[in-house]
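Asks: From the sequence below, what's the structure:
(one chain, ligands or ions: 1)
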Amino acid sequence: MSEEKHTNSIEPVGTMPIPTIIPESTTIEKVITEIKSEVVDKTNVAESTTVEKAITEIKSEVVDKVNVDAAESTTVEKTMKEVKSEVVDKMNVDFADVKDEAPVSSANVESVEILSGHEAEAVFAVETVKSEIGVGIKPSDATEDSFKNDADVSESASMVVEAAPISDTSVIAPVTVKFETTVQNIALESVSENNPAEIGSIVAAEVASDSIPMKIAAEIKTEAISTDTPMETVSEIKAEAISTDTPMDVDSAASISSIKVKPAQNSECLAAKTTSATSETPTALASDGATEVVAPNCLTENDADDSLNVPTKDTDGTTQTPGKEKPVQETLKRGDEGFTSEIYRIKVDSLPKFTSVAAFKKKLGQLGLKPIKVSVQGTKQYPYSFVTFENEDNKQKALKVLNDTTWKNNNIYAIHAAPKKGTQLVGEKRPGDRSTENDQRAKRPKSTLPLHEQINDKVAAYWRYPYDQQLLKKDGIVKSVMNDWKRDLRKAGVDWVNASPLCPVESIIPSKVIKGYRNKCEFSLGQSAEGEVHVGFLLGRSADGTNVVRPTECPLVSEGMKAVCLHFEKFITEMSKLPIYNTQERTGHWRLLLVRETHAGEIMIVAQMHPQKLSTTEITEQGKLLGVHFSENFPEGNVKSISLQCYEGISHGFGSDIQLVHGPPVLEETLMGLKFDISPTSFFQVNYGGAENLYSLIRQWAGETKKLGAGAKSAKERDGKAKLYDMGVHHDGNAQTDIKAEKDGSKDASKDSVLRSVNVLDVCCGTGTIGMLMAPVANKVFGVDIVESAIEDAKKNALKNEMKNIEFVCGKAEDTLGKLVNTALLENMGLMGILDPPRAGLHKDVVKVIRATPQIDRLVYVACDARQSLPTLTSLCRPTSNNYIGLPFRPMRVAAADLFPNTPNFEFIVLLERESTN
Ligand SMILES: C[S@@+](CC[C@H](N)C(=O)[O-])C[C@H]1O[C@@H](n2cnc3c(N)ncnc32)[C@H](O)[C@@H]1O
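Replies: I've put the predicted structure just below:
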């Protein structure tokens, strides 16, 4: 979670502008037309003739953006993890209560029901239920299918999944998991209650204040289209959902919104729990007699977390709950001495395997630290902890002491952690009070950190870790993803997973550059506490009014870009004299600054403005001023390309109307000996050296001699078996490949390439980078991507590099791949695929085509989100069925490449080979 809990610029409910109901806009047709035109405007895809297509495009663009603009939206991965922690945190409390009062058993629990706004978290919750209270469950078939449907956003919403007990274990209760999208429900309610405007604004505020994930926003949007929600509401939702300034904090919507434990008749344990509820305790008896524990941050605003336990003070200053032998989590109760609302919280990582709360508490005591709350989370293999202290001094002391501590050969890591969301400050209103804007604000614990640290925590979640530790953490994520994949494969009926490790997993390839590596950033415009114009990253409304923080100390931004930001501030205040855009009132002009920088240091800027009522002449004049300001009066400057963009959309986005005011419309980048023209909106990997490493690895794996490595249990064994063609990847992060030299014949890679007689499919090719890197060593390359401008760029870049054996097609891979495969097969060559889809993975129809084409015997899958790639990867590997005809694939190698230092993100690469019948 970011430091400030509500980092959006939209007001909470109380002051939200109430959308007016325009009668005509309530018709489905009008809504569809409006959303379509806005989407078309946004995505600049002229032939977006269907809403479905438009929505897919906007979704993919968002996903893309999340990938590309990690500087502003690194939070996806981060927040998913944090949500998990929150859930664990929450559940530890709840289940500690249940578990420690009396063991849960079939005698006292009839059912457990989990309501979640997010599928992944619900799945996680099920796992937690299993491990925390020992309720064994085996998802029904329906559950499995639904869970695998991750790639298809619209189908996975609001489904109810029943899970049956595992018959052969000590199973006790059936578990029901409901994916309840609270905001979506409100949207639906709004329609049924005939009060769309008011409720619409609540939805929008909900979206804004809790930053629901894109997935849910997309669902709401779909819902909105089909249920006549006024266009304005839809736009609001969409604006926030697609805003890169909106941190993808999935916290509220994604976390468990309630957990119902339904006691069986005469259940002493739960009856005791119910009756022991104090007046402050938000535990309520649900209408069906179930004890309902309402999670923090859900719409009722109850704060279950701090009031569930009734702890007493221990001698060491920590808390102890009577009767708890092995407390999972302990907390002070509001009103108790020492209650601090969990503001002074740290996260402790790299704990020894199997660390328990008791053991860790003891260790903290030995180190002379005095926590008031300790929880241990994560897996048994990779436990981590949140520890809360009474004040800043104690917290700082703990950070210092723990970071100097080695425990059981583990170098412990302690970092500042965000105050727990939903915790209340002493003296605040009680839970259950009606929310007002002030309440909402009061609930945000004030961060005591300097602003630059707050913004770094938001955009570069790993910045506090030394780089070697960042890499270790990412390796840990890969391992845990591999475990999850194994579990998914087993569930899918794959029989070989039990016999062997899935495949060798290589350690992550580090980035060559750790700081200032991003070659593209979008900066927001806002103000400092003193009311000065600031260009930087959106922090959200802080207590002192600051909403944008300069990137001066940001580890992702280069010095060149920092200088551009400062110079743009000067432009606005001294040259342009037009005010910045106000997202609330939709007044003012300057709204965004996009900066790109090549490896050689050439810079492109696009300044975005809302034209409001300015005349064409006035806009042209602003463009001229901008051009002069950066081309002539920028002392640090190598600003080659300067553009102005007028954009009237509500959303934070990028329209098509880019007016060049100085220099060329594109920057030229040279990567691995090839030249690429990059326009403002082109996809290009944000980390130059990281991209070299990634692409070199892809080439190497694509060129591996087929089959020779199958069955190897380690990379070493495999390399011994396989004739690896060294195309330049180096695990020290120094790729050396020079495609131009290969093409010219001064390097012999192309001559000897095992791909010489192979056609390569570059699925989701973007601007064709990977395909062009493969072309010199392959027979022919076929690229496909959904974005027309990307395909145009790809074609131009192929011409620029005089590549004749490469073709690009624009379209959805799921619609066009079959045809492309047929064309590729005409040449009677071998066929392989490189799949580099957006975050959500590939459409199942793409998998079906690949599975059904026996000539495709090798795949390199590249994922920017390892965990989200699992459904697609599993579909590629699951046994043959009516749905997936053709032999399955098997993973041969897995690696990660770090393209995003100081953030939790990385690229995940899997080499798959087709199983054979012999
Ligand atoms: C992670 S980018 C990969 C870009 C490219 N491979 C590269 O390395 O530069 C994902 C790409 O998938 C494309 N995409 C998203 N959905 C698609 C679909 N249904 N069919 C084809 N391409 C799609 C996006 O336009 C984007 O270019």
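
Asks: Name the helix or strand for the residue of the chain found nearest the ligand, please.
Replies: As assessed by C-beta to the nearest ligand atom, the ligand sits closest to residue 766 within the chain, at 2.8 Å. In short, each C-beta sits where N, CA and C put it, glycine included. Using DSSP states H and E, residue 766 sits within no helix or strand.

Asks: Same question for residue 677.
Replies: Using DSSP H and E, the element containing residue 677 is strand 674-678.

Asks: Please identify the buried residues of that strand?
Replies: 674, 676, 677, 678 (16 or more other C-beta atoms under 10 Å).

Asks: hang on, the earlier thing: for the residue of the chain closest to the ligand, give me phi and psi.
Replies: phi 60, psi -130 (degrees, to the nearest 10).

Asks: just residue 631 next, same as before
Replies: Main-chain torsions, residue 631, degrees, to the nearest 10: phi -90, psi -30.

Asks: from what I can see residue 764 touches residue 791, true?
Replies: No: the pair residue 764 / residue 791 is not scored as a contact, 11.4 Å apart, by C-beta atoms under 8 Å.

Asks: re earlier: what does the pLDDT read for the residue of the chain closest to the ligand?
Replies: As predicted, residue 766 sits at a pLDDT of 92.

Asks: Quick check: nearest residue in space to it, chain neighbours excluded?
Replies: The spatially closest residue to residue 766, leaving aside those adjacent along the chain, is residue 683, at 4.2 Å (C-beta to C-beta, 6 or more residues apart in numbering).

Asks: Pairing partners for the strand holding residue 677, with directions?
Replies: In the sheet, strand 674-678 lines up against strand 667-671 (antiparallel) (DSSP bridges).

Asks: same question for the strand it pairs with, mean pLDDT?
Replies: On average, the pLDDT along strand 667-671 is 93.

Asks: tell me which residues in that strand are buried?
Replies: 667, 669, 671.

Asks: re the thing from before, quickly list what's touching both of residue 764 and residue 791.
Replies: Residues touching both residue 764 and residue 791 by C-beta atoms under 8 Å, 6 or more residues apart in numbering: residue 785.

Asks: how would you label residue 644: helix, strand or coil?
Replies: Look at residue 644: counting by DSSP: H, G, I helix; E, B strand; the rest coil, its state is strand.

Asks: Tell me who's in contact with it.
Replies: 606, 607, 608, 609, 619, 622, 623, 626, 658, 659, 661.

Asks: pLDDT value on the fifth one, please?
Replies: At residue 619, the predicted lDDT confidence score is 96.

Asks: If we go by neighbour counts, what in the helix or strand encompassing it is buried?
Replies: Using DSSP H and E, residue 619 sits in helix 616-631. Within helix 616-631, the residues that count as buried by 16+ other C-beta under 10 Å are 619, 622, 623, 625, 626, 627, 628, 629, 630, 631.

Asks: Please name the nearest non-neighbouring residue to the second one.
Replies: Among residues not flanking residue 622 along the chain, residue 576 sits closest, at 5.8 Å (C-beta to C-beta, 6+ apart).

Asks: mind checking the backbone torsions on that neighbour?
Replies: According to degrees, to the nearest 10, residue 576 has phi -70, psi -50.

Asks: Any idea how many residues pack against it?
Replies: Residue 576 is flanked by 20 other residues according to other C-beta atoms under 10 Å.

Asks: surely it meets residue 570?
Replies: No: using C-beta under 8 Å, residue 576 is not in contact with residue 570; the gap is 9.8 Å.

Asks: Just list the residues touching residue 348, thanks.
Replies: 360, 384, 385, 386, 387, 402, 412, 413, 414.

Asks: and if we set it to 7 Å?
Replies: By C-beta atoms under 7 Å, 6 or more residues apart in numbering, the contact set of residue 348 is 384, 385, 387, 402, 412, 413, 414.

Asks: Most neighbours of all those residues, which one?
Replies: residue 387 (26 neighbours).

Asks: Quick check: bridge partners of that residue?
Replies: residue 346, residue 374.

Asks: Check the spacing between it and residue 355 real quick.
Replies: According to C-beta to C-beta, to the nearest Å, residue 387 and residue 355 sit 12 Å apart.

Asks: Next: residue 661.
Replies: Separation of residue 661 from residue 355 (C-beta to C-beta) stands at 59 Å.

Asks: Residue 873 now?
Replies: Separation of residue 873 from residue 355 (C-beta to C-beta) stands at 31 Å.

Asks: Of the two, give the one with the bigger neighbour count.
Replies: A direct count of neighbours by other C-beta under 10 Å for residue 873 and residue 355 places residue 873 higher, at 27 against 20.

Asks: what about residue 890, which helix or strand?
Replies: Going by DSSP H and E, residue 890 is in strand 889-897.

Asks: Which positions in that strand come out as buried?
Replies: Using 16+ other C-beta under 10 Å as the test for burial, strand 889-897 gives 889, 890, 891, 892, 893, 894, 895, 896, 897.

Asks: Please work out which residues outside that strand touch it.
Replies: Contact with strand 889-897 is made by 474, 478, 482, 502-506, 508-509, 690, 693-694, 697, 701, 709-710, 715, 718, 859, 876-877, 906-915, as judged by C-beta under 7 Å, 6+ apart.

Asks: Of those residues, keep whichever come out buried.
Replies: Among those, those classed as buried by 16+ other C-beta under 10 Å are 474, 478, 482, 502-506, 508-509, 690, 693-694, 697, 701, 709, 715, 718, 859, 876-877, 906-915.

Asks: Looking at those, which are in strands?
Replies: Per DSSP state E, strands hold the following members of the buried ones among the contacts of strand 889-897: 859, 907, 908, 909, 910, 911, 912, 913, 914.

Asks: residues in contact with the spatially closest residue to the last one that is not a sequence neighbour?
Replies: Meaning residue 914. If the residues on either side of it in the chain are set aside, residue 914 comes closest to residue 857, at 4.3 Å by C-beta to C-beta, 6+ apart. Residue 857 makes contact with 706, 830, 832, 913, 914, according to C-beta under 7 Å, 6+ apart.
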